[in-house]
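[1] Kindly generate the corresponding structure for this input.
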Amino acid sequence: MIHPKQQPTSILLEPELVEQLRAKGGKRGLGYQTMLKLIVREHLHEY
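    Okay, the predicted model is just below:
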């Protein structure tokens, strides 16, 4: 599988937010960073 080019970035998140991402991602078999990317992709158009 070839992944599109990605750009590294840095973001500061509250520990509680990271834990929520871990919990929700875990239910789907995803890591917290993958879960965050999924949320951004699905909802960015709303802003």
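
[2] in which helix or strand would I find the most centrally placed residue in the chain?
    Centroid check for the chain by C-alpha atoms, centre = their mean gives L36 as the closest residue, at 1.3 Å. Following DSSP states H and E, one finds L36 within helix 32-43.

[3] I'd like to know which elements that helix is packed against.
    The elements that helix 32-43 packs onto, with contact taken as 3 or more C-beta pairs under 8 Å, 6 or more residues apart in numbering; DSSP states H and E, are helix 15-27. All C-beta spots, glycine's among them, are computed from the backbone N, C-alpha and C.

[4] What residues sit buried inside the helix it packs on?
    21, 25 (16 or more other C-beta atoms under 10 Å).

[5] on that earlier part again, how about the CA coordinates for the helix holding L36, as PDB?
    Taking C-alpha atoms only, helix 32-43 is exported to PDB below (Å, rounded to 0.1, in the frame of the first residue of the first chain):
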ATOM      1  CA  TYR A  32      -4.900   8.200  18.800                       C
ATOM      2  CA  GLN A  33      -3.000  10.000  16.000                       C
ATOM      3  CA  THR A  34      -4.800   8.000  13.400                       C
ATOM      4  CA  MET A  35      -8.100   8.800  15.100                       C
ATOM      5  CA  LEU A  36      -7.200  12.500  15.200                       C
ATOM      6  CA  LYS A  37      -6.400  12.400  11.500                       C
ATOM      7  CA  LEU A  38      -9.700  10.700  10.700                       C
ATOM      8  CA  ILE A  39     -11.700  13.300  12.700                       C
ATOM      9  CA  VAL A  40      -9.900  16.200  11.000                       C
ATOM     10  CA  ARG A  41     -10.500  14.700   7.500                       C
ATOM     11  CA  GLU A  42     -14.200  14.100   8.200                       C
ATOM     12  CA  HIS A  43     -14.900  17.500   9.800                       C
END
